[in-house]
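[1] What would the 3D arrangement of this be:
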Amino acid sequence: MRKIIDWTLILLIFAGITLLGNMIGYDIYSWGAVPGILVLILIALAGMAMEEYIPVNIPAVGYIALIGIIISLPGFPGSEQVVAWTNDIELLAITTPILAYAGISIGRNWADFAKMGWKSIVVAILVFIGTFLGSALIAEVVLRIQGII
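    Next comes the predicted model:
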């Protein structure tokens, strides 16, 4: 039970930062984003609880994605309302606090990362470069197909 309380507190902090980012970065001053944030918190809590209590080796992200996909499918009861609520939340407003938290976590464990050796740094750099180039290539193709560039 203590884990669920801790998860909830962390998610509420992320929710506050996300709502603030939504207002500052995207001029969305709507209280309509609050129900969407609450839905996302409940999905995340359900996924983390499933990882904790279901004896199958699936990460919480997998459960969270599966729950999110299922409850937003057309034909699922209430899916239209879930989609309407979450439409008021910008994706980058969500990712900013999460990536900041991940960066802090990596920064705190920098000694552990350094113990892996120079090869892990080379692999990390190659992954970053590959991700950037892959994203740029996909964006280029899609924009050309749409005739934007």
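
[2] Quick test: name the residue nearest the centre of the protein.
    residue 95 (5.5 Å; CA atoms, centre = their mean).

[3] ok, and that one, which helix or strand is that part of?
    helix 91-108 (DSSP states H and E).

[4] roughly how far is the helix or strand hosting residue 119 from the heart of the chain?
    Here residue 119 sits within helix 118-146, counting by DSSP H and E. Remark: helix 118-146 is offset 19 Å from the chain centroid, using CA atoms, centre = their mean, to the nearest Å.

[5] could you say what helices and strands that helix packs with?
    With contacts taken as 3 or more CB pairs under 8 Å, 6 or more residues apart in numbering; DSSP states H and E, helix 118-146 sits against no other helix or strand. Glycine gets a C-beta too; all of them are placed from N, C-alpha and C.

[6] shaky segments in the chain?
    Within the chain, the segments meeting pLDDT under 70 span 29-30, 103-114.

[7] Now do the domain split for it, please.
    Domain assignment of the chain by automatic domain parsing yields the ranges 2-108, 110-149.

[8] Determine which stretch of those domains is the most buried.
    Highest mean neighbour count among the domains of the chain (mean count of other CB atoms under 10 Å): domain 2-108, with a mean of 14.

[9] Does residue 72 touch residue 81 like I think?
    No - between residue 72 and residue 81 there is no contact under CB atoms under 8 Å: 10.3 Å.

[10] That concludes my questions; thank you for your assistance.
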